[in-house]
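**Student:** Below are the sequence and a predicted model; questions follow.
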Amino acid sequence: MTAIVSIQNATKDYRLGKVVVPALRGVSLEVSPGEFLSIAGPSGSGKTTLLNLIGCVDTATTGRVEVAGRDTAKLSERELTRLRLNTIGFIFQSFNLVGVLDVYRNVELPLLLQHALTAVERSKRVLALLERVGLLEHSKHRPNELSGGQRQRVAIARALVTRPVLVLADEPTANLDSVTGEHILDLMKELNRTEKTTFIFSTHDARVMAHASSLIRLADGKLDEGAAAASHDLPPSGPGAAA
Amino acid sequence: MKGLLDTLSVVLQIAFRNLFSNRWKTLIVGGIIGFGAFLVVLGTSLLDSVDHSMSRSIIGSVAGNIQVYSSASKEDLDVMGGFNFDANDIEPLTDFAHVRQVLMSVPNVLQVVPMGINGSMVLSGNTVDQALAKLRLSVTARAQGDATPALGQTYADQKDHVRQIVTVLQSDVENVKKLHDEKALVTDDLGSVARAASPAFWADFDAKPLDSLEFLENHIAPLATDADMLFLRYVGTDPKVFAKSFDRMSIVEGEAIPEGKRGFMFSKYVYEEQVKLKTARGLDKIHEALTARDKKIATDEELQRLVREASTQVKELLLELDAPKTRLFREKLQGALHSSEADVGKLLGQFLNANDQNFEERYAFFYRELAPSLELYRVRIGDTLTIKAFTRSGYVQSANLKVYGTFAFKGLEKSPQAGTMNMMDLVSFRELYGFMTDDRAKEIADMRATSGAKEVTRENAESELFGSAPDESANPSAALAVPVADDLNRELSTIAGSHQRGEAKPYDPSQLEQGVILNAAVLLKDDTQTAQTVTAIEAAGKQAGLPLKAITWQKAAGLIGQFATLMRVVLFTAVLIIFVVALVIINNALVMATLERVREIGTLRAVGAQRRFILAMLVLESVAVGLVFGALGTALGAVLIAVLGKVGIAAGNDVLMFFFSGPRLYPLLASHNLALALGIVLVVSIVSSVYPAWIAMRISPREAMQSEE
């Protein structure tokens, strides 16, 4: 099976006034379908930048980024948006639910943007997912009536509602306590197994990394090769491994 | 398509939820928009109504839909006369029959009314003059041997009245002397009144009445300062066609000028304002203010001034009282005031110094008990009025016209602008304006024949005057022949006859059709085609070789006609300012809201919303506020107009009375005004959201990824 994400020697520079800040300095990566990949590294190591490239919200300065077989550099703004809508689900560190919409509507939103399904089909899918994340009885609640863990579960449901081949999660547990974070990761892992959805998430928390089926480490915008080599088929390791 | 509707529904949902979560901002922005919409509906409805009623009044009174006059005129025609007394310098159109024929050939023309507008002065003489004139008639009759007891009694009463007048004037002059230091002048006057008041003067009166009268006319009459020059604007027209064409015209007193008769009709407004006894007019005004406008003398300075004037200027009334009337007034006023005061002047002053409690009672008393003994109007219906006017070439023409009645234009009764237009027959107008009429031409020919005068042209003037031409030398004085005694008598009778011409001599109605006019009012079958008809008339004139200029009633009514347009400009300037302010505020609020929602918008973009979705969301949000509050404001305005349409808006003063064309304005609700309000609101909402939407579209989906710290 071909890689769902294929990155070859990607670099990304940001401009801060006249200073060019390199965020990624040549990263190559292949992600196979069904992976549960963790991108680890300290803050400023380029985790979010790499996720942005994979998530098609940004394009590389140099190098090649292919998502679902498409070269993102060759896509227009509109096509990138359509790619995000149809193939990628997003889970954010701060949940990023639409505050004025209730849980049901938040989950339904990507389907409405797709306008491919009828109301009945949408409702079936949304309710099934809400049941799956355990929030069926909260479907009429607004995000600010929910706890952090509940909100992130809504976000997970939203990310999965379009049945994307790839879900990106940017520090999904950073704003949660460890027990809740644990539950969220279990949920993601379960969905990864049952739905065969590929998950890529960033974190700097060693306990979170421990859940990954594979792991890459970033430092100063580059892959930490030594650690990466050891990452595949990662055995549950102690907290010391991350440090 | 179905999917698109769902998307729209979620966009709307987000938009509305956002509006609710920013309640205060929404309310402030919406309030401004609502107020603007309210103002647009209210303002345009009121203006439309004023415009409508004013156009009805102006078209239905003098102007007609279109006015036609000579394009060779030096000035523009202004039928309402603007605020000047002078008539416009309008070149005459010499053949009305032709003009009429050309105008009637334009399909949309319903009726053509011939006109000429001018102004002139009328000397009505003062009260003293009139009393003396009556006395002189009796003196003449007695001199001619009339010795009936009836005449004797009248003569005695008239003498009494003049004596009474002298007494009034004497106290008047003495008062003036107390106030002024112009001793020389006043001493002179004092001497005159003292002489006229002396018993010796009156003892002597019967012996040499003509000398005594002359003294009174020359020395006493000028002291009565109520003298009286009326300035009248009038339209000379075909009275029958005029009344038929202008549905707003109605006869208030008397009758219309009969066909073929020369005559004059006062505008009721002029008749009341200028011809009526000042005291009575003042009382009428107070009465109207108290009853129709809920004013109070105690609180209204204008009314206090009127009361003060009425109670201090009783001389005008006193001059009208002869001895029996003086006794009558004394008795009645003493009774009414429960007073033992003997001086009628003081009694009248006391009586007229009324307050809110007793005014209405005294007003009724004045008209019931006192007015029948007074000449309420200086010119009565049926009197003959001598009108003197300057012709175009500058000499004075005069005509004696019978006053047939008064008329008013419905809706313009109280309007000083339109109400000053009096009316006379067109034939008399032509004479006063200096045009040759058939009658006049014949008359002059007759006079020339009887006096032996003949045409002297510039070329042969010298030979005519000095007789150098050989064939004239036989009778050199022919041109300047002095009429012999026989002829003199004949000529005098001719002149006397011509003096009577105005009232006595009718004219052939066909003269109205043929001859000179200054302008003509054109009434249309379809008044929505006014502009097109103006063009058609000018084209028809050009084709017929007539120098016709056509203008719409708005232009013909001058400043007054432009009023509605002017108010519209003012209103729209105000509306524009409000909406520009609204635009800036809404724009600002939306930019702020957008900046607060960067993460939300970024998330939507990351999740897969296209830029146009974001654009639609923001514009819809702004349009939603605009439409909801705009509709509220529009509805409020509509309800107010509907209520006012039932109740009416009272015209507080005479100027408003004119603009409202009546005592109350009943505004009408027109759907295009509502549509206009909503349209403006919609445009403002969309325009104000353009910049914030542009900012929002530029928000990167990366913003969703930024962590909160």
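**Tutor:** Thanks, I have it.
**Student:** Give me the nearest residue to the most centrally placed residue in chain A, chain neighbours excluded.
**Tutor:** Residue closest to the average C-alpha location in chain A (CA atoms, centre = their mean): A:Leu168, at 1.2 Å. Nearest non-adjacent residue to A:Leu168, counting by CB to CB, 6 or more residues apart in numbering or on different chains: A:Gly55, 4.8 Å away. Just so you know, the C-beta spots here come from the backbone N, C-alpha and C atoms, and that holds for glycine as well.
**Student:** can you check B:Ala631 too?
**Tutor:** Distances taken as CB to CB, 6+ apart place B:Leu678 nearest to B:Ala631, at 6.9 Å, with adjacent residues excluded.
**Student:** could you measure that neighbour against B:Phe572, distance?
**Tutor:** 16 Å (CB to CB, to the nearest Å).
**Student:** what does B:Lys315 give?
**Tutor:** 53 Å.
**Student:** which of those two has more neighbours?
**Tutor:** B:Lys315 (21 against 15; other CB atoms under 10 Å in any protein chain shown).
**Student:** okay but that one is in contact with B:Ser171, surely?
**Tutor:** No: assessed by CB atoms under 8 Å, B:Lys315 is found out of contact with B:Ser171, at 9.1 Å.
**Student:** Can you pull the phi and psi angles for A:Thr61?
**Tutor:** phi -70, psi -50 (degrees, to the nearest 10).
**Student:** If you average the pLDDT over stretch B:286-303, what comes out?
**Tutor:** Across stretch B:286-303, the average pLDDT comes to 82.
**Student:** now it: how far from the chain's centre is it?
**Tutor:** 23 Å (CA atoms, centre = their mean, to the nearest Å).
**Student:** Name the residues that touch it?
**Tutor:** B:304, B:306-307, B:310, B:354-356, B:359-360, B:363, B:650, B:652, B:663 (CB atoms under 8 Å, 6 or more residues apart in numbering or on different chains).
**Student:** try it again with 6 Å
**Tutor:** B:306, B:355-356, B:363 (CB atoms under 6 Å, 6 or more residues apart in numbering or on different chains).
**Student:** Next to chain B, which bits of chain A? Give me the list.
**Tutor:** Within chain A, the positions near chain B by CB under 6 Å from any CB of the partner chain are A:48, A:52, A:57-58, A:81, A:84-85, A:90, A:92-94, A:96, A:100, A:110, A:112-113, A:115, A:170.
**Student:** which residue ranges form the strands in the stretch 51-200 of chain B?
**Tutor:** B:66-70, B:109-123 (DSSP state E, counting those that start in this stretch).
**Student:** Likewise for the stretch 351-500 of chain B?
**Tutor:** Along the stretch 351-500 of chain B, the stretches classed as strands by DSSP E, counting those that start in this stretch are B:384-390, B:396-409, B:421-425.
**Student:** out of those strands, which comes closest to chain A?
**Tutor:** Nearest to chain A, of all the strands of the stretch 351-500 of chain B, is strand B:396-409, at 63.0 Å by CB to the nearest CB.
**Student:** how many neighbours does the closest residue to chain A within the stretch 101-250 of chain B have?
**Tutor:** Going by CB to the nearest CB, chain A is nearest to B:Asn108 of the stretch 101-250 of chain B, at 58.0 Å. Applying other CB under 10 Å, we find 19 other residues in the vicinity of B:Asn108.
**Student:** Then A:Ser214?
**Tutor:** 16.
**Student:** That one touches A:Phe36, doesn't it?
**Tutor:** No: the criterion here is CB atoms under 6 Å, and A:Ser214 misses it with A:Phe36 at 7.2 Å.
**Student:** ok, and for the biggest helix by length in chain A, which residues are buried?
**Tutor:** For chain A, the helix that runs over the most residues, judged by DSSP state H, is helix A:178-195. The neighbour-count check on helix A:178-195 (16 or more other CB atoms under 10 Å in any protein chain shown) flags A:180-185, A:187-188, A:191-192 as buried.
**Student:** mean confidence for the helix or strand containing A:Ala155?
**Tutor:** Using DSSP states H and E, A:Ala155 maps to helix A:148-160. Per-residue pLDDT values across helix A:148-160 average out to 91.
**Student:** Packing partners of it?
**Tutor:** strand A:88-91, helix A:103-114 (3 or more CB pairs under 6 Å, 6 or more residues apart in numbering or on different chains; DSSP states H and E).
**Student:** Downstream of it, the next helix or strand is which one?
**Tutor:** Next element after helix A:148-160 (DSSP H and E): strand A:166-170.
**Student:** What residues of the helix or strand where B:Ile560 lies count as buried?
**Tutor:** Taking DSSP H and E as the criterion, B:Ile560 maps to helix B:558-596. For helix B:558-596, the neighbour count (16+ other CB under 10 Å) marks B:558, B:560-561, B:563-564, B:567-568, B:571, B:575, B:578-579, B:582-583, B:585-587, B:589-591, B:593-594 as buried.
**Student:** Can you name the residues of chain B sitting close to chain A?
**Tutor:** So chain B meets chain A at B:3, B:6-7, B:10, B:14, B:17-18, B:21, B:603, B:606-610, B:701-702, B:704-705, B:707-708 (CB under 6 Å from any CB).
**Student:** Show me just the buried residues among these.
**Tutor:** If you count burial by 16+ other CB under 10 Å, the buried members of the residues of chain B next to chain A come out as B:3, B:6-7, B:10, B:14, B:17-18, B:603, B:606-610, B:701-702, B:704-705.
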